[in-house]
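Asks: Structural data only, the sequence is not supplied:
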Ligand code: IPE
Ligand code: IPE
Ligand code: MG
């Protein structure tokens with residue numbers, strides 16, 4: 001019973017606390033998180049989800065210590081170098097949203113070549129949010145509209161956002177116990193179903209995601225209307 005979401009978005013939070021609990025450096029938590037991210041996104045595409053958007057790094061996260069950022073950047077390098085071929089083989093497209101000009105240049109070129117290599121992918125799209133901030137994204141969409149010199153409709157405005165090519169998220173999952181959006185997809189999530197898990201992201205298994213999908217299937221999405229029958 002119930003429907004499968006077309007677009008699942010995940011705030012992958014809790015890597016640092018996962019590591020802390022094991023007396024490991026935060027970077028070990030991010031490495032475990034990356035491993036989980038790869039398997040979890042493959043699981044979602046196998047289940048038939050069309051768009052998977054993963055919050056990997058917020059613009060605000062860029063103010064973390066140099067040590068933590070360099071560990072995160074090393075993992076991004078590892079990911080793009082190792083996973084793009086696999087995405088292409090699985091007929092999946094890679095997209096990246098966020099202000100990538102804030103990232104080291106070599107990562108920027110890995111992103112560009114990854115997008116180019118996977119652009120024919122027709123089975124689904126993996127959207128990674130890196131150096132992403134929803135408020136910043138909204139402001140740059142507003143500025144684009146202003147530069148174009150004409151008022152926009154809601155639909156035209158949505159198309160100006162970095163997620164403009166995708167349907168809005170149906171299900172938004174946040175791991176790591178916090179109940180907030182932390183500047184993720186603020187406009188797009190207006191009618192997303194929210195699901196919060198206390199598990200730290202490296203512990204959030206495929207079975208946990210299956211529970212989130214099952215929960216989603218029981219939700220009654222009314223969009224402000226009164227339920228008929
Ligand atoms: C999420 O895990 C990943 C990033 C923000 C890069 P955190 O690093 O925020 O982990 P916690 O919240 O400190 O446990
Ligand atoms: C949100 O997590 C960003 C990502 C998971 C990439 P944070 O750990 O940065 O969020 P806050 O600081 O707890 O709100
Ligand atoms: Mg966190």
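Replies: Everything's here; your move. Because the structure is predicted, anything quoted here is derived from the model rather than measured. Ligands and ions are numbered 1, 2, ... in the order given.

Asks: what residue is smack in the middle of this structure?
Replies: The centroid of the chain falls nearest to residue 54 when counting by Cα atoms, centre = their mean (1.8 Å).

Asks: What are the contacting residues of the lengthiest helix in the chain?
Replies: For the chain, the longest helix by residue count, based on DSSP state H, is helix 66-89. With contact meaning Cβ atoms under 8 Å, 6 or more residues apart in numbering, helix 66-89 is reached by 25-27, 30-31, 34, 38, 56-57, 61-62, 93-94, 103-104, 106-107, 110-111, 113-114, 117-118, 121, 126, 130. For the C-beta atoms, the positions are set from N, CA and C on the backbone; glycine is no exception.

Asks: which of the residues you listed are buried?
Replies: Buried residues within the contacts of helix 66-89, counting neighbours by 16 or more other Cβ atoms under 10 Å: 26-27, 30-31, 34, 38, 56-57, 61, 93-94, 103, 107, 110-111, 114, 117-118, 121, 126, 130.

Asks: element containing residue 194?
Replies: Here residue 194 sits within strand 193-196, counting by DSSP states H and E.

Asks: Also residue 114?
Replies: For residue 114, the host element (DSSP H and E) is helix 105-117.

Asks: Report the mean per-residue pLDDT for that helix.
Replies: Mean pLDDT, computed over helix 105-117, is 98.

Asks: Stretch 186-194 now?
Replies: 98.

Asks: Next one: it, is it in contact with ligand 2?
Replies: No - judged by Cβ under 6 Å from any ligand atom, stretch 186-194 stays clear of ligand 2, getting no closer than 12.8 Å.

Asks: that older thread, buried residues in the strand holding residue 194?
Replies: If you call a residue buried by 16+ other Cβ under 10 Å, then strand 193-196 has these buried ones: 193, 195.

Asks: Could you tell me how far the next helix or strand after it lies from the centre of the chain?
Replies: Counting by DSSP H and E, the next helix or strand C-terminal to strand 193-196 is helix 206-217. Centroid separation for helix 206-217 versus its chain: 17 Å, with Cα atoms, centre = their mean, to the nearest Å.
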